[in-house]
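Novice: Below are the sequence and a predicted model; questions follow.
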Amino acid sequence: MLDFAGKRWWYLGISLALFIAAAVILAIPPHLRAGIEFTSGSSFTFEFSKEVKQVDLRAALRALGHDEARVQGAGGNSYIIKTRELEGAPAVNATDAPGPQEAPKGEIDRIQEALQQEFGTITRKDFSTVSGTVSTEIARNATLAVLAASVAILIYISLAFRRLPQAWKYGTAAVIAVLHDAFIVLGLFSLLGKLIDTEVDTAFITAILTVIGFSVHDTIVVFDRIRETISHDPYIPFEEAVNASLTETLARSLNTSLVVVLTVVAMLLIGGSTIQNFLLVLLVGIITGTYSSIGIASQLLVAWNNNDIGRFWRRLRGRKQEPIEAAAEPV
């Protein structure tokens, strides 16, 4: 039987170091590069008939009055371009009215025509615009979705383990582990946003919720085995029960995560650029979720049961009081 609980401060220390690193990265502006779903704006993909450098495309967009434009490579001679909200609808190929009609041109058409004069033939693959009102609503709903998921997890686990003493601790430990996973992913995307302009969009929120579900599922499996061990032998020391449960579920957790990770890596290698952010969140989240169910949620239960945090604070306060008492002694 492996002694996980005896090394709990190593696991928790690694998690704390990653958490602090993510917090520092997030504190450095720009904090997160939000996609147009959260900030409003327009997004479109241009495929050029010849090779065009990204720096030249940015310069051309600036000359057209779009200093805010973000340009991201999409493979080959294609680029995803994101700008402020463009005026006018994109051109269409036909209208419902009979007879030949010329569709009204919007700002996106004027941009395309100007770029074609400089870079040659351009094929527009897609175009989408999100208004400020819609983006605000999306951001609010995404935040509420994550909060609702956390509260639901806390309530569900507390009810599922209600026959154990202080069942709410199991739910709290699971929520802390989930928030840890989400925060690590946020820190990574903040770093990628600073380095390669990676943005957070609605697919990112979907992936975060998927990671939360995966992490909670893995944690519940471990908690359920702890419950079975304690129910079978009520007098077993809690640390021993946790070690036995983790040892029994370790192979299952690692094998399940490995299969999912290999699938996600394969999709990252052969998938398109539009789902790369989604897959990257899944990849990082599954790895951290597997770790958190073993190194955070279960170890927090042991630390809580042994009152490690209370002893730590009492020891810390005692060290602070010693210099004060020494200074107060008469000479």
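Specialist: The structure has been received and is ready for your questions.
Novice: Now do the helices in the stretch 1-150 of the chain.
Specialist: Taking DSSP state H, counting those that start in this stretch as the test, the helices found in the stretch 1-150 of the chain are 8-27, 36-39, 54-63, 107-119, 132-160.
Novice: Tell me which of these lies nearest to residue 210.
Specialist: Residue 210 lies closest to helix 132-160 among the helices of the stretch 1-150 of the chain, at 10.6 Å (Cβ to Cβ). C-beta coordinates here come from the backbone N, C-alpha and C atoms, glycine included.
Novice: packing partners for the following helix or strand past the closest one?
Specialist: Next helix or strand after helix 132-160 toward the C-terminus (DSSP states H and E): helix 168-196. With contacts defined as 3 or more Cβ pairs under 8 Å, 6 or more residues apart in numbering; DSSP states H and E, the packing partners of helix 168-196 are helix 8-27, helix 132-160, helix 202-232, helix 276-292, helix 298-305.
Novice: which one of those helices has the lowest average pLDDT?
Specialist: Lowest mean pLDDT of the helices and strands packed on helix 168-196: helix 132-160, a mean of 72.
Novice: max-length helix in the chain?
Specialist: helix 238-270 (DSSP state H).
Novice: Quick one: work out the angle between that one and helix 202-232.
Specialist: 150 degrees (axes from the mean of the first three to the mean of the last three Cα atoms, to 10 degrees).
Novice: Buried residues of helix 238-270, list them for me.
Specialist: Going by neighbour count (16 or more other Cβ atoms under 10 Å), the buried part of helix 238-270 is 238-239, 241-246, 249, 253, 256-257, 260, 264, 267.
Novice: Who are the packing partners of that helix?
Specialist: So helix 238-270, by 3+ Cβ pairs under 8 Å, 6+ apart, packs with helix 202-232, helix 276-292, helix 298-305.
Novice: any chance of the helices and strands packed on helix 168-196 in CSV, plus mean neighbour count?
Specialist: Formatted as CSV, the helices and strands packed on helix 168-196 follow (neighbours: other Cβ atoms under 10 Å):
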stretch, mean neighbour count
helix 8-27, 15
helix 132-160, 15
helix 202-232, 19
helix 276-292, 22
helix 298-305, 22
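Novice: Mind checking those helices for the one nearest to residue 168?
Specialist: Of all those, helix 132-160 comes closest under Cβ to Cβ, at 4.8 Å.
Novice: Relative to the whole chain's centre, how far out is the closest one?
Specialist: Remark: helix 132-160 is offset 14 Å from the chain centroid, using Cα atoms, centre = their mean, to the nearest Å.
Novice: Would you mind measuring from residue 168 to residue 177?
Specialist: 15 Å (Cβ to Cβ, to the nearest Å).
Novice: correct me, but residue 108 touches residue 44?
Specialist: Yes: look at residue 108 against residue 44 with Cβ atoms under 8 Å: they come within range, at 6.2 Å.
Novice: re earlier: in TSV: the helices and strands packed on helix 238-270, plus distance to residue 64.
Specialist: Output for the helices and strands packed on helix 238-270, formatted as TSV (distance: least, Cβ to Cβ, whole Å):
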stretch	distance to residue 64
helix 202-232	28
helix 276-292	27
helix 298-305	54
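Novice: Of these, which is nearest residue 67?
Specialist: Here helix 276-292 is closest among those (Cβ to Cβ), at 24.4 Å.
Novice: Provide the contact partners of that closest one at residue level.
Specialist: Helix 276-292 is touched from outside by 15, 177-178, 180-182, 184-185, 188-189, 198-201, 203-204, 206-208, 210-211, 214-215, 218-219, 253-254, 257, 260-261, 264-265, 267-268, 271, with contacts defined as Cβ atoms under 8 Å, 6 or more residues apart in numbering.
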